[in-house]
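**Student:** predicted model and sequence below, questions to follow.
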Amino acid sequence: MIDLSNESGEEVDTQALIRLARFALDKLRIHPQADLSILLVDVDTMTAYHKQFMNLDGPTDVMSFPMDELREPADGEAPPRGLLGDIVICPVFTSAQAPGNGRTNQEEIEYLLIHGLLHLLGHDHAEPDEKAVMFGLNDRIIADWRAEQGSD
């Protein structure tokens, strides 16, 4: 189940985000009954979360809070079920960085949704090799999503 709550006060295509999350979970072979929560928040809320959970000042674009530490199944393994966790995104923050990344506001949120989802599944980008794998997978999922939607 995918639950999305927009508490940001910003207009976001939440149905597209839910469809993208389902698409990505299917691509990553996560059980369709795995639970995912997506929360869109304002700058003040994200700033508070960033300080509380990361001990960092100021807002950020996306934060992930894994629950059952689900991982992508290996070939031949059954898709994992359980609680994936929470992804928190700040649309005001993401809209400020979108132009620098060559994306629209919605595309930036979509990209960061996948980024947050990959973190929930144990991916990281602290080391160069991890970063290459994670960002490559992020880019591939977004490209496949765009192709399926009929856009480039």
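**Tutor:** Nice, thanks for sending it over.
**Student:** if you count contacts, what does the host helix or strand of F93 end up packed against?
**Tutor:** Using DSSP states H and E, F93 sits in helix 91-97. Where contact means 3 or more CB pairs under 8 Å, 6 or more residues apart in numbering; DSSP states H and E, helix 91-97 is packed against helix 43-54, helix 105-120. From N, CA and C alone the C-beta is placed, and that goes for glycine too.
**Student:** now the residue positioned nearest the centre of the chain: how far from P79?
**Tutor:** By CA atoms, centre = their mean, the chain has its centre lying nearest to L113, at 2.2 Å. Distance of L113 to P79, computed by CB to CB, to the nearest Å: 20 Å.
**Student:** and if you look at K131?
**Tutor:** Using CB to CB, K131 is found at 26 Å from P79.
**Student:** if we can go back for a sec, check which residues of the helix holding F93 are buried.
**Tutor:** For helix 91-97, the neighbour count (16 or more other CB atoms under 10 Å) marks 91-95 as buried.
**Student:** can you show me the CA trace of it as CSV?
**Tutor:** What follows is helix 91-97, C-alpha atoms only, in CSV (Å, rounded to 0.1, in the frame of the first residue of the first chain):
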residue,chain,number,x,y,z
PRO,A,91,8.5,20.7,-2.6
VAL,A,92,9.6,24.3,-1.9
PHE,A,93,13.2,23.2,-1.5
THR,A,94,13.1,20.9,-4.5
SER,A,95,11.6,23.6,-6.8
ALA,A,96,14.5,25.8,-6.0
GLN,A,97,17.0,23.2,-7.1
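**Student:** I am finished for the moment; much appreciated.
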